[in-house]
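J.: I'll drop the sequence and a predicted model, then ask my questions.
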Amino acid sequence: MKEKSTASSVFLLEGTPPAPARKLQGKPGRPKGGRPDETRDRILNAAESLFADRGYDGASIRDVAAAADVQINAVGYHFGPKEDLFDTVIARRAAVMEALRLDALADARRTAGEAPIPVEILIRAYVRPFIESADHGEPGWRNYAALMGRLANSPLGTEIIARHYDDTARTYLCEFQRTLPGVELEDIVDGFSAMVAAMLGICAKTGRRERLANTDRARAAKKSIDVLVRFHAAGFNALSHTNWRT
């Protein structure tokens, strides 16, 4: 089944990426019972939830199999070793998220024409799909947001994030450079990294923000994107000031 790549698909994840080509008929060790796609989805959903709650090291293949209600050999059959399962968990929603971000950027480019895209629009195009999917999407997206927060602060995340997110990040960084002429790429990357960290923090759902602001989650979620955009736009624009360094 094909994943949607328009803004309306923030809340939808239709199936998972197709499995590698396999000769299912008569393959030794093939788990019996259930449709392959349905079994794959159950395993991926269970793994996503467990990895989000416990981290990579805290969730075993046996735990995933039990949560998905499948035999342990079914996990290896569909996904191979644990590291490959983890990579697939990250990849299936990363593909949707990056398509949404690229669609938003394409819209911004069409609107701007030959002019640089305002920094506020660049920030919103990048963070809005992730925050909205975590706030309003189905539970799997909330698990995924929590998992990405864990991954961003883990040595394990470096290679996986690079593989699935760096191409789109570089595309956005090129636009930030065009919008902020004269600002060093290194400084833009630092600002971009701070923006991503804030995005992940908003989606962490610890409840601390609501407690400190004495507000409810619905109101906090509604304002979070606008506040993040305004705050980080000011930061990016400050990089253009020639005497900002101390």
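T.: The structure has been received and is ready for your questions.

J.: mind checking the longest helix of this structure?
T.: helix 82-112 (DSSP state H).

J.: so what does it touch, helix or strand wise?
T.: Helix 82-112 is packed against helix 36-58, helix 61-68, helix 72-79, helix 119-136, helix 139-152, helix 157-179, with contacts defined by 3 or more Cβ pairs under 8 Å, 6 or more residues apart in numbering; DSSP states H and E. Any C-beta I mention is one placed from the backbone N, CA and C, and that applies to glycine too.

J.: export those helices to a markdown table and tack on mean neighbour count and mean pLDDT?
T.: Converted to a markdown table, the helices and strands packed on helix 82-112 look like this (neighbours: other Cβ atoms under 10 Å; pLDDT from 0 to 100):
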| stretch | mean neighbour count | mean pLDDT |
| --- | --- | --- |
| helix 36-58 | 19 | 94 |
| helix 61-68 | 18 | 98 |
| helix 72-79 | 20 | 96 |
| helix 119-136 | 22 | 94 |
| helix 139-152 | 21 | 91 |
| helix 157-179 | 16 | 96 |
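
J.: center of this protein - which residue?
T.: Closest residue to the average C-alpha location of the chain: A94 at 5.3 Å, with Cα atoms, centre = their mean.

J.: care to break this structure down by domain?
T.: 7-83, 90-238 (automatic domain parsing).

J.: returning to that earlier point: measure the residue nearest to the centre of the chain to R170 for me?
T.: As judged by Cβ to Cβ, to the nearest Å, A94 and R170 stand 15 Å apart.

J.: what of I131?
T.: Taking Cβ to Cβ, one finds I131 at 21 Å from R170.

J.: repeat for L44
T.: Counting by Cβ to Cβ, the gap from L44 to R170 is 27 Å.
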